[in-house]
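Chemist: Next one to model:
(one chain, ligands or ions: 1)
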Amino acid sequence: MEKIRTRYAPSPTGKMHVGNLRTALYEFLVAKHENGDFMLRIEDTDQERFVDGAIDIINDTLEQAGLYHDEGPDKDGGYGPYVQSERMKTGIYMKYAKELVEKGEAYYCFCTKERLATLKTVVSEDGKTINVYDKHCLNLSKEEVEKNLSEGKPFVIRQNIPNEGTTTFHDELYGDITVENSELDDMILIKSDGYPTYNFANVVDDHTMNITHVVRGNEYISSSPKYQRLYDAFGWESPHYIHLPLITDENHKKLSKRCGHASFEDLIEQGFLSEAIVNYIALLGWSPEDNREIFSLDELIKEFDYHRINKSPSVFDVQKLRWMNGEYIKAMDEESYLKMALPIVDEVITKDLDKKKIALMCKTRIEVFPDMKGHIDFFEELPEYDIAMYEHKKMKSTLESSLTVLKETLPLLEAFDDYTNDSLYAMLSDYVAKKEVKTGFVMWPLRTALSGKEMTPAGATEILEVLGKEESVKRIKKGIELLERS
Ligand code: GLU
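Modeler: All right, here's what the predicted structure looks like:
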């Protein structure tokens, strides 16, 4: 069997969005699942859309996501150059375009902008208005073409697509797709600035770089018949095509750059772990045979069978990603967890408290690291709180009972010196036993007074341990004061 070779072929136009990352990931997985090679190719032929720094973003994102390439601009595998603007300088695109002209599969076009503006227009699937070229220049004689070229007239080279008949290409997921040739326009292969269009360069490059599988968004389906015609014109075998389903937002609208959460960089900034992002994105359009959801990259490589890619759109659900990220945080070893958690504790807590303990309290409770702030801020300062919080049906806690508990436990806590969780718990359990009440009946008001919060990352005794005697006593007195005032 031939060795699988895939490529991720981004245009350096900005940040890497979820859809781009999914394409890169699937390209990587299709290759690695079969021990193949994954290549990075930079498609920078559209100089107007080029964004400075975008290539660095692509490299950083792929590296952070663990999608290492076997070949690319920084790693020659014998198929270089790996950047299209550099490939252009070798003359490769012009050479192949001229071959098509010779074969009658392409032609020079000298039409001016003004003439093109008078042509019929159609609105493409993505909403762009495009002129339908009327093959005017196809009728130029060889001599006229030579003359125009020698006079230095600006030109483009267009693909010559017949008006009759059909073209069929095969997609691994969608099967055979056939279109009427009359629906295909004579697209430009070489632009007036001498650069090839993406449409032409991707075909020449995929063939000359020996790519076996092309994975890309299904917005490319409509152009694929034209690519197929190019392969056929050259007598080349086309690669296997795998077009991916659309990714939508929660409202089933196409995921767009406008959604703040849609780029890898933004997600990292929002506190998501790259492993969780990669895991989540793998499931945007693919699922294993069982319902398993948590996969490391190595496990994905093992399991990823592209035949199981879905054809229906997948929804990018931030809540689900948050859940998954929480699972990754829970599974982190203590050292890696603290490395990420302690800087956040430092941001919130200026007091001399046991920060490691505070950080560890949150490990099973947060979904992203920034969530920690809201969990731990009460350690720094007791917030203003509503005394209605002391009332709790299940704990049988009322304002009166809470006042009694706080008043009775205050002297016990003042007299106690061993502020460690276990000892505090044992001491308060004695009180619970003597009063013949449930533990919650005592712990609820204490936790409320100590934190001023309905939800805390730990129970009353753990909070007592971290706050220490002086601060705890102060907070309980404050609770008593509030309750007495009511
Ligand atoms: N340069 C194209 C893009 O960034 C790649 C499409 C393809 O994979 O063929 O969308």
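Chemist: Just the buried residues of stretch 311-324, please?
Modeler: 314, 316, 318, 321, 322, 324 (16 or more other Cβ atoms under 10 Å). For the C-beta atoms, the positions are set from N, CA and C on the backbone; glycine is no exception.
Chemist: next SSE after the helix or strand harbouring the last one?
Modeler: With secondary structure defined by DSSP states H and E, residue 324 is part of helix 318-330. On the C-terminal side of helix 318-330, the nearest following helix or strand under DSSP H and E is helix 334-348.
Chemist: got the angle for that following helix vs helix 318-330?
Modeler: 120 degrees (axes from the mean of the first three to the mean of the last three Cα atoms, to 10 degrees).
Chemist: average model confidence for helix 334-348?
Modeler: Helix 334-348 comes out with an average pLDDT of 97.
Chemist: Run the chain-centre distance for that helix.
Modeler: Taking Cα atoms, centre = their mean, to the nearest Å, one finds the center of helix 334-348 at 24 Å from the center of the full chain.
Chemist: Return the list of helices and strands in contact with the helix holding residue 324.
Modeler: Where contact means 3 or more Cβ pairs under 8 Å, 6 or more residues apart in numbering; DSSP states H and E, helix 318-330 is packed against helix 274-282.
Chemist: The helix it packs on versus helix 318-330: what angle between them?
Modeler: Going by the same axes, to 10 degrees, helix 274-282 makes 140 degrees with helix 318-330.
Chemist: Run through the neighbouring helices and strands of helix 274-282.
Modeler: Using 3+ Cβ pairs under 8 Å, 6+ apart: helix 274-282 touches helix 18-33, helix 54-65, helix 264-269, helix 297-303, helix 318-330.
Chemist: Mind listing residues that contact the helix holding residue 324?
Modeler: Outside helix 318-330, the residues within contact range by Cβ atoms under 8 Å, 6 or more residues apart in numbering are 250, 261, 267, 271-273, 275-277, 279-280, 293-294, 337, 363-364, 366-369.
Chemist: can you give me the angle it makes with helix 18-33?
Modeler: Using the same axes, to 10 degrees: helix 318-330 against helix 18-33 is 50 degrees.
Chemist: can you tell me the average pLDDT over helix 318-330?
Modeler: Averaged across helix 318-330, pLDDT comes to 97.
Chemist: Name the SS class of the closest residue to residue 420 other than its chain neighbours, please.
Modeler: Spatial nearest neighbour of residue 420, chain neighbours left out: residue 465 (5.8 Å); criterion: Cβ to Cβ, 6 or more residues apart in numbering. Put simply, residue 465 is helix when judged by DSSP: H, G, I helix; E, B strand; the rest coil.
Chemist: Just give me the neighbour total for residue 465.
Modeler: 20 (other Cβ atoms under 10 Å).
Chemist: In this structure it contacts residue 421, no?
Modeler: Yes: using Cβ atoms under 8 Å, residue 465 makes contact with residue 421 at a distance of 4.7 Å.
Chemist: Look up which residues are beta-bridged to the closest residue to residue 220 other than its chain neighbours.
Modeler: Using Cβ to Cβ, 6+ apart and skipping the chain neighbours, the partner closest in space to residue 220 is residue 243 (6.4 Å). Residue 243 has these beta-bridge partners by DSSP bridges: residue 216.
Chemist: do the same with the one 5 residues further on
Modeler: Taking DSSP bridges as the rule, residue 248 bridges to residue 254, residue 315.
Chemist: need the contact list for it.
Modeler: Applying Cβ under 8 Å, 6+ apart, the residues near residue 248 are 254, 255, 313, 314, 315, 316.
Chemist: Using CSV, please lay out those together with distance to residue 171.
Modeler: Shown next, in CSV, are the contacts of residue 248 (distance: Cβ to Cβ, whole Å):
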residue, distance to residue 171
254, 20
255, 22
313, 16
314, 17
315, 22
316, 23
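Chemist: Can you tell me which of the residues you listed is nearest residue 211?
Modeler: Of all these, residue 314 has the smallest distance to residue 211: 25.0 Å, by Cβ to Cβ.
Chemist: And the pLDDT at the closest one?
Modeler: 92.
Chemist: Show me what the helix or strand bottoming out on mean pLDDT in the chain is packed against.
Modeler: Using mean pLDDT, DSSP states H and E, the weakest-scoring helix or strand in the chain turns out to be strand 129-131, at a mean of 70. When contacts are defined as 3+ Cβ pairs under 8 Å, 6+ apart, strand 129-131 sits against strand 121-123.
Chemist: Distance from the chain centre to the strand it packs on, please.
Modeler: Distance, centroid of strand 121-123 to centroid of chain: 33 Å (Cα atoms, centre = their mean).
Chemist: Show me what that strand pairs with in its sheet, parallel or antiparallel.
Modeler: Strand 121-123 has these strand partners (DSSP bridges): strand 129-131 (antiparallel).
Chemist: State the next helix or strand along the chain beyond the partner strand.
Modeler: helix 142-150.
Chemist: Just after that next one, pick out the following helix or strand.
Modeler: That would be, after helix 142-150 and using DSSP H and E, strand 156-159.
Chemist: That following strand pairs with which strands, parallel or anti?
Modeler: Counting by DSSP bridges, strand 156-159 is paired with strand 106-109 (antiparallel), strand 188-190 (antiparallel).
Chemist: that older thread, got a list of contacts for the least confident helix or strand of the chain?
Modeler: With Cβ under 8 Å, 6+ apart as the test, strand 129-131 has contacts from 116, 117, 119, 120, 121, 122, 123, 124, 185.
Chemist: Point me to the helix or strand that includes residue 252.
Modeler: Counting by DSSP H and E, residue 252 is part of no helix or strand.
Chemist: Kindly confirm my reading that residue 441 is in a strand.
Modeler: No: Residue 441: not assigned to a strand; according to three-state DSSP it is helix.
Chemist: Make sure it is actually in contact with residue 393.
Modeler: No: the criterion here is Cβ under 8 Å, and residue 441 misses it with residue 393 at 11.7 Å.
Chemist: Is it possible to get JSON lines of the contacts of strand 129-131 that adds pLDDT and neighbour count?
Modeler: Listed next are the contacts of strand 129-131 as JSON lines, based on pLDDT from 0 to 100; neighbours: other Cβ atoms under 10 Å:
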{"residue": "116", "pLDDT": "90", "neighbour count": "14"}
{"residue": "117", "pLDDT": "88", "neighbour count": "10"}
{"residue": "119", "pLDDT": "88", "neighbour count": "13"}
{"residue": "120", "pLDDT": "82", "neighbour count": "9"}
{"residue": "121", "pLDDT": "81", "neighbour count": "12"}
{"residue": "122", "pLDDT": "79", "neighbour count": "11"}
{"residue": "123", "pLDDT": "77", "neighbour count": "9"}
{"residue": "124", "pLDDT": "70", "neighbour count": "11"}
{"residue": "185", "pLDDT": "92", "neighbour count": "16"}
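Chemist: contacting residues for residue 424?
Modeler: Residue 424 neighbours (Cβ under 8 Å, 6+ apart): 416, 418, 461, 464, 465.
Chemist: Pick the one among those residues closest to residue 6.
Modeler: residue 465 (54.3 Å).
Chemist: so how far is residue 65 from that closest one?
Modeler: 40 Å (Cβ to Cβ, to the nearest Å).
Chemist: residues making contact with stretch 162-177?
Modeler: 178-182, 184, 221, 224-229, 238, 240-243, 306-307, 309, 311.
Chemist: what does this structure put close to the ligand?
Modeler: Residues of the chain found near the ligand (Cβ under 6 Å from any ligand atom) are 9, 10, 11, 43, 198, 202, 216, 220.
Chemist: among those, which two are most distant?
Modeler: Longest span within the residues of the chain next to the ligand, Cβ to Cβ: 10 and 220, 13.5 Å.
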